[in-house]
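*Asks:* structure of the sequence below:
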Amino acid sequence: MNNILVTGATGQLGQLVVNELLSEVSPEQISVMVRDPGKAIAWQKLGIKVITGDYSEYNSLLEAFNRTEKLYFISSSDKADRFGQHINVVRAAAAAKVGHLIYTSAHRRSEDASSLLTADAHWQTDALIKQSDLKFTILKHGLYAELLPFFIGTDFLESGLIELPAGNGKSSYATRQDLAAAAVKVLITEGHEFKTYDLGSAQSYSFQDVAALMTELTGERVVYSEISIEAYETKMQALKVPEHFIKGVLHFCNALKVGEFDFPSTDLKMLLGREPKTIKEFLKDAYGLSHVFSTGKNTWG
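*Replies:* Numbers count the residues shown, from 1 in each chain. Reported below is the predicted structural model:
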């Protein structure tokens, strides 16, 4: 197998992808691109090639992508210039004649979706990749299951009440670990060129569903109640929750409410060759620690 390059390799998803790759191929077949090589010393010690590159610097990308057969392109976290950076990546990949680009995209209901969260960058990047001469695979990620504890906190364990301004909106969820494992399947097997996969759970879940699952898991009645944006803000401010966190949750809730993430699919199961981790299993693990149940308090960090 030829060289596989993973961008964003020191981030949460990137680290999981590299670890999954190490269980499938030799370290010499893996390269990682990072902005700060000091954060990738552990990879280097394992025999992985560490390349310095920045989405904002086209020439660094051109050099990084040289002789890359498969490029795992994790979307930029820079909200201000995400698409500008993505243009650099796609153009550099094409110029470097990358054999196959795999991009981590996201769900979006439509091009003119009103949600503040679902920025244009993913939609535009998908189109840019499809218009290029590159062989590609687009992985449309559902919401990370790991976001659920941030949405619902832990106070409900005592109060029995989950309050969010998300209406009856549903979402398809997946764990980062399963998304990483699916990505590696695409990276090490053939037949994925020019395909788009919807990677989430086969069933979508509302917060009513989440409350019902928590009732099953805790043995105590948990209910979901929709509250207004204003009431949510007041409640969170009283708890001294950081403003950026409040705004982030509200953006997600708005997107959930209008169905931006309601894309149930069996693509993840197909790529994994097994059942993905269920939301019930995830919640059981996330809230199964004794210190969570003993404190019953939110932590924001």
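
*Asks:* quick one: pLDDT of residue 107?
*Replies:* Residue 107 is assigned a pLDDT of 80 by the prediction.

*Asks:* residues touching it, list them.
*Replies:* 118, 140, 141, 142, 172, 198, 200, 260, 261, 263 (CB atoms under 8 Å, 6 or more residues apart in numbering). All C-beta spots, glycine's among them, are computed from the backbone N, C-alpha and C.

*Asks:* change it to 6 Å
*Replies:* By CB atoms under 6 Å, 6 or more residues apart in numbering, residue 107 lies in contact with 140, 261, 263.

*Asks:* the residue nearest to it when sequence neighbours are not counted is in what secondary structure piece?
*Replies:* Using CB to CB, 6 or more residues apart in numbering and skipping the chain neighbours, the partner closest in space to residue 107 is residue 263 (4.9 Å). Residue 263 is part of no helix or strand, with elements assigned from DSSP states H and E.

*Asks:* for the remainder of this discussion, apply numbering that starts at 210.
*Replies:* Sure thing, new numbering starts at 210, so read that last one as residue 472.

*Asks:* next, count neighbours for residue 472.
*Replies:* Here the count is done by other CB atoms under 10 Å, and residue 472 has 22 residues near it.

*Asks:* in terms of contact, does it touch residue 381 like I think?
*Replies:* Yes: using CB atoms under 6 Å, residue 472 and residue 381 qualify as a contacting pair, with a distance of 5.1 Å.

*Asks:* common neighbours of those two, please.
*Replies:* Counting by CB under 6 Å, 6+ apart, the contacts common to residue 472 and residue 381 are residue 409.

*Asks:* how near is residue 480 to residue 348?
*Replies:* Separation of residue 480 from residue 348 (CB to CB, to the nearest Å): 9 Å.

*Asks:* same deal with residue 443?
*Replies:* Distance from residue 443 to residue 348, by CB to CB: 38 Å.

*Asks:* who has more neighbours out of those two?
*Replies:* The neighbour count for residue 443 versus residue 348, taken as other CB under 10 Å, is higher for residue 348 (24 against 12).

*Asks:* show me what contacts residue 269?
*Replies:* Residues near residue 269 by CB under 6 Å, 6+ apart: 262, 263.

*Asks:* also residue 411?
*Replies:* Neighbour list for residue 411: 473, 475 [criterion: CB under 6 Å, 6+ apart].

*Asks:* go on, residue 226?
*Replies:* Counting by CB under 6 Å, 6+ apart, residue 226 has contacts 215, 389, 392.

*Asks:* that older thread, roughly how far does the residue nearest to residue 316 sit from residue 264?
*Replies:* 26 Å.

*Asks:* still on that earlier bit, got the contact list for the residue nearest to residue 316?
*Replies:* 316, 381, 407, 409.

*Asks:* could you dump those residues to CSV with distance to residue 432 and secondary structure?
*Replies:* Listed next are the contacts of residue 472 as CSV, based on distance: CB to CB, whole Å; DSSP: H, G, I helix; E, B strand; the rest coil:
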residue, distance to residue 432, secondary structure
316, 27, coil
381, 23, coil
407, 30, strand
409, 25, coil
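
*Asks:* mind listing the helices for the stretch 360-509 of the chain?
*Replies:* Ranges of helices in the stretch 360-509 of the chain, per DSSP state H, counting those that start in this stretch, are 365-368, 385-397, 416-427, 438-447, 452-466, 476-481, 488-495, 499-504.
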